[in-house]
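>>> heads up, no residue letters with this:
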């Protein structure tokens with residue numbers, strides 16, 4: 001009986017993604033790999049679409065402090081307080097009574113918006129200066145995949161990024177961070 005050579009193990013999907021995307025000469029390869037890891041997590045675990053990596057500022061063309069991602073979440077991540085009030089009023093007006101004359105539940109629908117994502121490691125130390133450098137390089141709304149500029153909606157008045165913080169066990173936690181003072185939401 002002939003011995004067959006052992007089949008080498010296949011790389012994990014994230015390893016294949018990272019090895020197939022050679023790091024550009026613009027940033028540290030570890031930061032580029034981190035961005036690819038977050039891109040993979042958003043796409044396959046959270047159903048984001050239209051994801052792309054940005055190495056240069058859409059405002060100035062200058063190199064960003066680190067690679068950032070942009071993409072479209074499956075649902076709206078943040079609704080501004082005044083927009084929330086308007087959406088509730090609009091949903092209330094659109095609500096129709098059922099056969100018994102009772103009104104149904106409010107159906108509030110806010111379309112998703114493109115978001116900036118800042119990949120980071122949990123062990124990194126972030127200062128206000130480092131965060132300000134990131135905010136200085138981004139626009140209110142990320143450009144579309146082809147680079148075309150997207151106008152901010154009526155309610156979006158500040159820049160925001162989603163901080164994607166990765167722990168050593170590959171757990172990713174997402175935080176919405178906004179530039180400046182923002183009116184608190186009502187729950």
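Sure, I can see it. Predicted model only: the values in this text are computed from it and were never measured.

>>> what ranges do the helices span in this structure?
13-20, 29-45, 81-94, 128-137 (DSSP state H).

>>> in TSV: these, plus distance to residue 68 and mean neighbour count.
All C-beta atoms are positioned from the backbone trio N, CA, C, and that covers glycine. As requested, the helices of the chain are exported to TSV (distance: least, Cβ to Cβ, whole Å; neighbours: other Cβ atoms under 10 Å):
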stretch	distance to residue 68	mean neighbour count
helix 13-20	17	13
helix 29-45	7	18
helix 81-94	25	13
helix 128-137	7	14
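
>>> can you say which of those helices is nearest to residue 170?
helix 29-45 (7.6 Å; Cβ to Cβ).

>>> contacting residues for the spatially most central residue of the chain?
The centre of the chain sits closest to residue 117, judged by Cα atoms, centre = their mean, with a distance of 4.0 Å. Residue 117 sits next to 38, 42, 68-71, 161-162, 164 when contact means Cβ atoms under 8 Å, 6 or more residues apart in numbering.

>>> for it, give its distance to residue 138.
11 Å (Cβ to Cβ, to the nearest Å).

>>> shared neighbours, those two?
In contact with both residue 117 and residue 138: 68, 161, using Cβ under 8 Å, 6+ apart.

>>> could you report the distance from residue 121 to residue 179?
Applying Cβ to Cβ to residue 121 and residue 179 gives a distance of 22 Å.

>>> mind checking which of these two has more residues around it?
residue 179 (16 against 13; other Cβ atoms under 10 Å).

>>> okay, now the unreliable bits of this structure?
Residue ranges of the chain with pLDDT under 70: 1-5, 11, 13-25, 97-101, 103-104, 146-149, 185-187.

>>> mind checking the longest strand of it?
Using DSSP state E to define each element, the chain has its longest strand at strand 63-72.

>>> what's the spacing between it and its chain's center?
10 Å (Cα atoms, centre = their mean, to the nearest Å).

>>> run the angle between it and helix 29-45 for me.
Counting by axes from the mean of the first three to the mean of the last three Cα atoms, to 10 degrees, strand 63-72 lies at 10 degrees to helix 29-45.

>>> adjacent strands (with direction) for strand 63-72?
Applying DSSP bridges, strand 63-72 is found paired with strand 49-56 (antiparallel), strand 115-121 (antiparallel).

>>> got the end-to-end distance for stretch 121-138?
This stretch, stretch 121-138, spans 20 Å end to end (Cα to Cα, to the nearest Å).

>>> which residues are in contact with that stretch?
So stretch 121-138 is in contact with 34, 57-60, 62, 64-66, 68, 116, 118, 120, 159, 161, 165-168, 173, 177, 179, going by Cβ under 8 Å, 6+ apart.

>>> residue 140 reaches residue 154, doesn't it?
No - between residue 140 and residue 154 there is no contact under Cβ atoms under 8 Å: 11.9 Å.
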